[in-house]
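[1] I'd like to go over a predicted model; first the sequence, then the structure.
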Amino acid sequence: MPYLHVTVLEADSHGGLLALAFGADFHVVDMESRVIASTTDSEFGHPVARIEKADNGAAVKAMAFSRDGGQLAACTNDKGVWIYDTGTWECVRRTATEKRTNAICFDASGDYLVTGDKFGDSYRISVRGSQDDGGAGQNKHELLLGHVSIICDVKFTMETPAEAQQYILTCDRDEKIRVSKYPNAYNIQAFCLGHSEFVTTIATAAFAPGSVVSGSGDGTVRLWGVTDGRLVQTVGLEQHLCGYYADGRAVCGENTHEDRTAAEERYGVLRVRACDKLRVFVAIVERIPAVVVFPFTEGGLGRPQVIDIARAPTDIAVLGDRVVVSLAPALGEQSEDGARVEVVRLDESGGGCADDSDCAKAIGRIETRQVAEDTAGESIYVWGNKMYLGRPRSGEEAEEAA
């Protein structure tokens, strides 16, 4: 039987921890690639902290570490939010949001977790609230800001010194990025306008103060000024990745809504992350088995370097100079033993290669949960569809909208 593929990755760069989510469960792995905490009952041959989780099988939608690595948050597709102490792995806060959350991020203090949901609202949840409010917290969390479209990602600027004005950045399905002052997010600093499709991901970095990098369904990665919303640079991915379609390594568009053309070539960006150690941004693109590395030099993005990986990616995380990539389900004969995670080691030139160290191999072999069949998730072009509200809905979505 195949194992579930990993859908969400999150790394704590300070403590060297990596969280890997698959379905309703997740493992936490240390720098030696040993599972140190898990929501599963699996045996690992060494002591493992058992983490409390929802008992209704709700899948993990997003995860986030606080900046000091002391807390890990997870949100599930039943509107649940769980916050754990990474020292003890005890759940210090369990609550619920009013609508299903797509993205989460701790603020600089670590005292608050900020959410972005599918109805376009962003809330602030206190880490120090009651340990378990039984879901009643969904009506008590502080509303920070609102979009008129699905919020796809939430990030904070990495400004120094700590007393500098902090901004919260939110991107949405309607091609825009909103920059708001924090915590008084009703004060809008700027909008970053220029993408022609939904904005899936944004990234900020200490080595790029005053800048934000975004990725979109329009096949571009863009660099913006935070305080003025100015578009600084646009990098089109087609010219760098079209070869993956030409030689058949990329998978053509599937799971698209009927009013969208099933384009043969798409370059929808799934995730952009910052690598502070090497001053680069790294990105992954839906259905293309590659990691794209963007050096950050002289206030701009350098020529991207493309590194092959085994299969199409689902998520990406950065630990030092290593990029951890979760892989889409393997097909055919390797469906039961194909690696679920691959590690790429970057070099100072902006390139890199597969990490063949024992630790990297151990991460790839970590077992998730066996299932009768493991299938890839739907394309980002489904929920990114402009006709999203008019499309046929699943029973789960119809129930939530009621």
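    In hand now; what should we look at? Just so it is clear, the structure is predicted and the values come from calculations on it, not from any experiment. Residues are numbered from 1 along each chain as shown.

[2] OK, contacts around Ser33?
    Asp358, Cys359, Ala360, Ala362, Ile363, Ile366 (Cβ atoms under 8 Å, 6 or more residues apart in numbering). C-beta: built from backbone N, CA, C; applies to glycine.

[3] Which of the residues you listed fall in helices?
    Restricting those to those inside helices, with DSSP state H as the criterion, leaves Asp358, Cys359, Ala360, Ala362, Ile363.

[4] Quick one: the residues you listed as CSV, columns for neighbour count, distance to Arg340 and pLDDT too.
    Compiled in CSV, those are given as follows (neighbours: other Cβ atoms under 10 Å; distance: Cβ to Cβ, whole Å; pLDDT from 0 to 100):
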residue, neighbour count, distance to Arg340, pLDDT
Asp358, 9, 17, 89
Cys359, 16, 15, 87
Ala360, 20, 13, 89
Ala362, 16, 12, 89
Ile363, 24, 9, 90
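
[5] now the strands: where do they sit in the stretch 251-400 of the chain?
    Here the stretch 251-400 of the chain has its strands, by DSSP state E, counting those that start in this stretch, at 269-275, 280-285, 290-297, 300-301, 305-308, 313-319, 322-327, 341-346, 352-354.

[6] Pairing partners for the helix or strand harbouring Cys152, with directions?
    If you go by DSSP states H and E, Cys152 is part of strand 151-156. For strand 151-156, the paired strands and their directions (DSSP bridges) are strand 166-172 (antiparallel).

[7] Averaged pLDDT, the partner strand. What do you get?
    Mean pLDDT, strand 166-172: 97.

[8] Same check on stretch 49-60?
    If you average the pLDDT over stretch 49-60, you get 93.

[9] so where is the stretch 151-300 of the chain shaky, pLDDT-wise?
    When residues are selected by pLDDT under 70, those of the stretch 151-300 of the chain lie in 160-163, 251-264.

[10] Surely Ile202 touches Cys171?
    Yes. Checked against Cβ atoms under 8 Å, the pair Ile202 and Cys171 is within contact range at 5.1 Å.

[11] the more surrounded of the two?
    Of the pair Ile202 and Cys171, Cys171 is the one with more neighbours under other Cβ atoms under 10 Å, namely 30 against 24.

[12] In this structure that one contacts Thr201, no?
    Yes. Between Cys171 and Thr201 there is a contact at 7.3 Å, judged by Cβ under 8 Å.

[13] returning to that earlier point: shared neighbours of Ile202 and Cys171, anything?
    With Cβ under 8 Å, 6+ apart applied, the overlap between the contact sets of Ile202 and Cys171 consists of Asp153, Ile177, Ser214.

[14] Please name the bridge partners of the first one.
    What it means is Asp153. When assigned by DSSP bridges, Asp153 has beta-bridge partners Cys171.

[15] tally of neighbours for Val48?
    Residues contacting Val48 under the criterion other Cβ under 10 Å number 19.
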